[in-house]
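K.L.:
Build me a model:
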Amino acid sequence: MADERADSSLIYQANESRAGFSAFAPAVGAALRPASSLPSAPEPAAGGGHDDWEVAPAGARHQKPLSRIGIGANVSPLGIGINATTVLSDFFDARVMGSFFNYSVPEFELEGFKTTADLHLASMAASLDWYPFNSFFRISPGLMLYNNNQISMATAVVPGTSFTLNGKTFYSATANAATGATPLIGSGVLGMHTHVPAFTAAGGFGKFVPRSNRHWSFPAEFGVVFMGAPAINLKTSGWACTDLAQTKCSDISNTANPVGQEFNTALQAQLTKWRADVGKVRIYPIFSYSFVYSFNIR
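P.N.:
Numbers count the residues shown, from 1 in each chain. Modelled structure (predicted):
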């Protein structure tokens, strides 16, 4: 009888526990459910909610043709460069470039030659920038439309100084009022602009106009200009002699005189050799790193 009373007590307690939990569960559920008065979450904005500033520099954000422009500067073997680039499509940009640089070497004397030299660089070019698959890599064919890149030199040969042309030795004459003799002087220009316009082929990394609202970009470029063989032009004047005692001298412009004739023949032969040597170089290198600022124009 005692066992039966214990079992009945346990059953009664279990039933009471179930009843208490059943009464408490709705309250817990109500507390866990969000209040019906709270506003619902807003729908995502069109386009996924991405801000234009979050687009990577090489991203694929669409821009209308001629809607954005980039102005930049660089330093390259062409000199100090300034470029302007505009968007044509998602894959193409159009770019124009100008470069310039001048450097002069003060007069110096070397082995009897008083010489000055000037480096003058000035050019303008245009290119089409193609970004395959809208990537950061660029292929840029173009044209150099203006090219005045050249090196010029001027020299005055000290009287009595010897020099060699095509294996023949000559001497600069001493000034002589009676004969009208004057020391030998000369000037020359090495022009790196045989072909105008000249085809250019280049490649590089980074976009001149980012496909985002970012303002700054830092593209790099490398390539060549197919300028053709450099041109050599030389002008000379004065008197030259074939002996140190200066008994056989002539104005080099007087080709009827044997000395003048010999000098000009040797000079032309030497020029032919020089032109053959520089003629082996027909391309000019391009490599640069630019700083470009871009902005919308419409």
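K.L.:
can you pull the contacts of the closest residue to residue 97 other than its chain neighbours?
P.N.:
Spatially, and ignoring its direct neighbours in sequence, residue 97 is nearest to residue 83 (4.3 Å; Cβ to Cβ, 6 or more residues apart in numbering). (Glycine included, C-beta is placed from N, CA and C.) Residue 83 is in contact with 70-74, 95-98, 208, 290, 292, counting by Cβ atoms under 8 Å, 6 or more residues apart in numbering.
K.L.:
Likewise for residue 100?
P.N.:
Contacts of residue 100 by Cβ under 8 Å, 6+ apart are 79-80, 121-123.
K.L.:
now do residue 112
P.N.:
157-158, 160-163, 172.
K.L.:
What is the burial count for the closest residue to residue 192 other than its chain neighbours?
P.N.:
Spatial nearest neighbour of residue 192, excluding adjacent residues (Cβ to Cβ, 6+ apart): residue 149 at 4.4 Å. Counted by other Cβ atoms under 10 Å, the residues lying close to residue 149 total 24.
K.L.:
What's the PyMOL syntax to select whichever of the contacts of residue 83 are buried?
P.N.:
Only the buried entries of the contacts of residue 83 go into this PyMOL selection, using 16 or more other Cβ atoms under 10 Å:
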select buried, resi 70+72+74+95+97+98+208+290+292
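K.L.:
Quick check: strands, which of the contacts of residue 83 are part of them?
P.N.:
Using DSSP state E, the subset of the contacts of residue 83 located in strands is 70-74, 95-98, 290, 292.
K.L.:
out of these, who's nearest residue 236?
P.N.:
Lowest distance from residue 236 to these (Cβ to Cβ) belongs to residue 98, with 34.7 Å.
K.L.:
For the stretch 51-200 of the chain, just list every one of the helices.
P.N.:
In the stretch 51-200 of the chain, no helices are defined using DSSP state H, counting those that start in this stretch.
K.L.:
Output the below-cut-off pLDDT ranges for it.
P.N.:
51-61 (pLDDT under 70).
K.L.:
OK, contacts around the closest residue to residue 103 other than its chain neighbours?
P.N.:
Leaving aside its sequence neighbours, residue 103 sits nearest to residue 119 (Cβ to Cβ, 6+ apart; 4.5 Å). Residues in contact with residue 119, defined by Cβ under 8 Å, 6+ apart, are 101-104, 151.
K.L.:
change it to 10 Å
P.N.:
79, 101-105, 149-152, 190 (Cβ atoms under 10 Å, 6 or more residues apart in numbering).
K.L.:
Would you work out how far apart the start and end of stretch 80-100 are?
P.N.:
The straight-line separation of the ends of stretch 80-100 (Cα to Cα, to the nearest Å) is 5 Å.
K.L.:
Next, the buried residues of it.
P.N.:
Judged by neighbour count (16+ other Cβ under 10 Å), stretch 80-100 contains these buried residues: 81, 83, 85-88, 93-95, 97-100.
K.L.:
Perfect, that will be all.
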